[in-house]
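Peer 1: I would like the atomic coordinates for the input below:
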Amino acid sequence: MCHVLIIEDNLIAALDIREVLREAGATSFAYAGSEDEAVAAAKVDPPDLITADVSLAGGSGPEAVRRIEARLGSRPVIFITGAPDRRLVRERHLVIGKPFATNRLSAAFRSIAPV
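Peer 2: Below is the predicted model of the structure:
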């Protein structure tokens, strides 16, 4: 089982991400459209994996991830962004550009999702 927190302020993109990850093996999802919503969602139901857009209307994906990991510990993360930045890559953190290729997101998920 893998519970994924999708941090994305574009609903269509969030639904696309959910569909790809469901097909790749994710079993449950939570959504957040802002940094504060993401932190609140993670408190209620801690995610096994996080996908995050870098630029959000209400904050930033990297800051949301930092806040979540400060509270819950390190998580695998896939940043999905229109402006890829290699500085976001760390152990268990990947970066994929938008628009994303379905097979690339699926492969990224499979490579870092907890078993």
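Peer 1: Run through the strands of this protein in chain order.
Peer 2: Shown for the chain, the strands assigned by DSSP state E span residues 3-7, 28-32, 49-52, 55-56, 59-60, 77-81, 93-97.
Peer 1: ok, now which ones touch the spatially most central residue of the chain?
Peer 2: The C-alpha lying nearest the average C-alpha coordinate of the chain belongs to residue 51 (Cα atoms, centre = their mean; 0.7 Å). Neighbouring residues of residue 51 by Cβ atoms under 8 Å, 6 or more residues apart in numbering: 4-8, 17, 21, 77-80. The C-beta positions use only the backbone N, C-alpha and C, and glycine is treated the same way.
Peer 1: of the residues you listed, the lowest pLDDT goes to which?
Peer 2: Taking the contacts of residue 51 together, the minimum pLDDT is found at residue 80 (89).
Peer 1: So the residue nearest to that residue when sequence neighbours are not counted versus residue 40, what's the distance?
Peer 2: Among residues not flanking residue 80 along the chain, residue 96 sits closest, at 5.1 Å (Cβ to Cβ, 6 or more residues apart in numbering). The spacing between residue 96 and residue 40, counted by Cβ to Cβ, to the nearest Å, is 25 Å.
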